[in-house]
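[1] Okay, predicted coordinates and the sequence, questions at the end:
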Amino acid sequence: MSLYNVFDISGSGMSAQNVRLNTTASNISNANSISSSQDKTYRARHPVFAAELMKASESNSNTQGSSVGVKVLGIVESNKPLQIEYNPNHPSADENGYIYKPNVNVVEEMANMISASRSYQTNVQVADAAKQMLSKTLLLGQR
């Protein structure tokens, strides 16, 4: 595998973690929203990732290598039950006096945010290490 493929792999990892950070931020920002029906209530969303095999051909040779990246298959809604609260005095209460809150667990979302941030940071470090190795390789020919 070429060092150039490392940039594609770490780049796809950074892109995937960016999607994860965005969905986590959306979940946290909607955690305190209230609705008058189950259909209109925000549900927590989570990205689904898969390893992606890509054929990468090297420009100077006829050999074909393969590299593994991350592909975002989509974003799914959580099927956890919503939080239902009896509050007949609330302006958003339904005809039975219930309000519906999202199924977002803020503590879990904060843990997801920390994990995604660290994964993103690790991918940046991998790309930086590959860049440094390529730079050192170029310097070998100067001596």
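    Right, received. Where do you want to start? For clarity, every value in this text was computed on a predicted model and none was experimentally measured.
[2] in which helix or strand would I find residue 9?
    If you go by DSSP states H and E, residue 9 is part of helix 3-29.
[3] Quick check: buried residues in that helix?
    Within helix 3-29, the residues that qualify as buried by neighbour count (16 or more other C-beta atoms under 10 Å) are 5-10, 12-17, 19-21, 23-24, 26-28. Any C-beta I mention is one placed from the backbone N, CA and C, and that applies to glycine too.
[4] Check which helices and strands it sits against.
    Helix 3-29 sits against strand 45-57, strand 64-77, helix 106-140, with contacts defined as 3 or more C-beta pairs under 8 Å, 6 or more residues apart in numbering; DSSP states H and E.
[5] Dump these to CSV, plus mean pLDDT and distance to residue 83.
    Shown next, in CSV, are the helices and strands packed on helix 3-29 (pLDDT from 0 to 100; distance: least, C-beta to C-beta, whole Å):
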stretch, mean pLDDT, distance to residue 83
strand 45-57, 75, 16
strand 64-77, 80, 15
helix 106-140, 93, 12
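[6] From what I see, residue 103 and residue 77 are in contact.
    No. If you go by C-beta atoms under 8 Å, residue 103 and residue 77 don't touch, sitting 9.1 Å apart.
[7] Settle it for me: which of those two has more neighbours?
    The neighbour count for residue 103 versus residue 77, taken as other C-beta atoms under 10 Å, is higher for residue 103 (18 against 11).
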